[in-house]
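Student: Quick one: sequence and predicted model below, then my questions.
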Amino acid sequence: MEKLEQLLVEDVSFSFGFKEILKNINFELKKAQVISIVGPSGGGKTTLLHLCAKLLTLEDGRIKNSFKSSSFAFQEARLLPWKNVLDNICLGLLAKNVKKSKAQVLAKQIAIKFGLQEDDLYKFPKDLSGGMKQRVSFARALVVKPSLLFLDEPFSALDIGLKKELQNLLIEIIEKEKLSILFITHDLMEAIKLSDEILVLKAEPVGHIVKKFKFDKARDKRDDSFVYEQTAKLLSDEYIINTFELELK
Ligand SMILES: Nc1ncnc2c1ncn2[C@@H]1O[C@H](COP(=O)(O)OP(=O)(O)OP(=O)(O)O)[C@@H](O)[C@H]1O
């Protein structure tokens, strides 16, 4: 029988020193699902993601991650400046003991899929635009074929066209490879386009989930009008208004 892959977060609370950041967080992320965490700045979204990804040590509650493998992509691409594009993408594969020649072939394939040109592969991060760095960061995260991907605002610095292109590519990979994603975004439209569930994290008095929104419509059927319609609905929801301290005009 195949092992159940899921991320189970139960009663998680966390403090930095005396400052309580998160209180009683509960949710479950299943295979091929996308959960996004939205909320105002400073609400503890990144802290929660880091706890789930074991980049921070859990103090209180339980996090069970039974996904086979995971990887990350962050808002800043975090590429190694002394390695070229190809070598940056190869890193995770080499860490998994894939032979260098094989790693380079796989890295090249995914780089091209993510819209990089052949001659970009030998450039160093300092010679890349922000959008190109982001493509490299995605390629590096996905080349290892993770079953769970942690994303911290990966699209926020990109122009609308590139954002849409990378989102669509991600949607294709979610459906084809049954990728699961936990991601943070400030962008409600992006969350609606990509997620099965949105968790709204309110900062006051301590970071907690005030509401969960679920979306059943197949991701590849979510056209612009669906996204606009749902965004308008969310923006009139009292929990969203309250959490983001929106003023009703
Ligand atoms: N290493 C740290 N030490 C102490 N406090 C921290 C540390 N990292 C974050 N914090 C504090 O924890 C709180 C939550 O931060 P976090 O980055 O998780 O919020 P966020 O919701 O992701 O914010 P943003 O949307 O601005 O990225 C903030 O008040 C922040 O100042």
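Tutor: Ah, there it is.
Student: Give me the pLDDT for the closest residue to Gln33 other than its chain neighbours.
Tutor: Nearest non-adjacent residue to Gln33, counting by C-beta to C-beta, 6 or more residues apart in numbering: Asp196, 4.7 Å away. No exception for glycine: its C-beta is placed from N, CA and C like everyone else's. Note on Asp196: pLDDT of 97.
Student: Look up phi and psi at the closest residue to Lys214 other than its chain neighbours.
Tutor: Leaving aside its chain neighbours, Lys214 sits nearest to Glu197 (5.2 Å; criterion: C-beta to C-beta, 6+ apart). Main-chain torsions, Glu197, degrees, to the nearest 10: phi -150, psi 140.
Student: Would you agree Glu197 is in contact with Asp216?
Tutor: No - if you go by C-beta atoms under 8 Å, Glu197 and Asp216 don't touch, sitting 10.3 Å apart.
Student: neighbour count winner among these two?
Tutor: Between Glu197 and Asp216, counting by other C-beta atoms under 10 Å, Glu197 is the more crowded of the two (18 against 5).
Student: tell me the contacts of Val38?
Tutor: Neighbour list for Val38: Lys45, Ile184, Thr185, His186, Leu188, Ala191, Ile198, Leu199, Val200, Leu201 [criterion: C-beta atoms under 8 Å, 6 or more residues apart in numbering].
Student: Return the subset of those residues lying in helices.
Tutor: Here DSSP state H is the test, and the contacts of Val38 give Lys45, Leu188, Ala191 as lying in helices.
Student: contacting residues for the first one?
Tutor: Translated: Lys45. The contact partners of Lys45, by C-beta under 8 Å, 6+ apart, come to Ile37, Val38, Gly39, Asp152, Ile184, Leu201.
Student: Serialize those residues to CSV and add fields for distance to Glu175 and pLDDT.
Tutor: Formatted as CSV, the contacts of Lys45 follow (distance: C-beta to C-beta, whole Å; pLDDT from 0 to 100):
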residue, distance to Glu175, pLDDT
Ile37, 22, 96
Val38, 23, 94
Gly39, 27, 91
Asp152, 23, 91
Ile184, 22, 94
Leu201, 27, 94
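Student: ok, and which of those residues reach the ligand?
Tutor: Contacts with the ligand within those, as defined by C-beta under 6 Å from any ligand atom: Gly39.
Student: Export the contacts of Lys45 as a markdown table, with columns for distance to Ile25.
Tutor: Formatted as a markdown table, these follow (distance: C-beta to C-beta, whole Å):
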| residue | distance to Ile25 |
| --- | --- |
| Ile37 | 10 |
| Val38 | 14 |
| Gly39 | 12 |
| Asp152 | 16 |
| Ile184 | 13 |
| Leu201 | 8 |
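Student: Among the contacts of Lys45, which one is most surrounded by other residues?
Tutor: Counting neighbours by other C-beta under 10 Å, Ile37 leads those with 27 neighbours.
Student: Need the CA coordinates for stretch 149-165. CSV is fine.
Tutor: Coordinates of each C-alpha in stretch 149-165 appear next as CSV, following Å, rounded to 0.1, in the frame of the first residue of the first chain:
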residue,chain,number,x,y,z
LEU,A,149,7.1,22.7,-2.1
PHE,A,150,7.3,25.6,0.3
LEU,A,151,6.9,29.0,-1.3
ASP,A,152,7.4,32.3,0.4
GLU,A,153,6.0,35.1,-1.9
PRO,A,154,7.8,33.8,-4.9
PHE,A,155,5.9,36.0,-7.4
SER,A,156,5.8,39.3,-5.6
ALA,A,157,8.7,41.0,-7.4
LEU,A,158,7.6,39.9,-10.9
ASP,A,159,5.8,41.8,-13.6
ILE,A,160,2.2,40.7,-14.4
GLY,A,161,3.1,38.8,-17.5
LEU,A,162,5.9,36.8,-15.9
LYS,A,163,3.8,36.2,-12.8
LYS,A,164,1.0,34.7,-14.9
GLU,A,165,3.4,32.6,-16.9
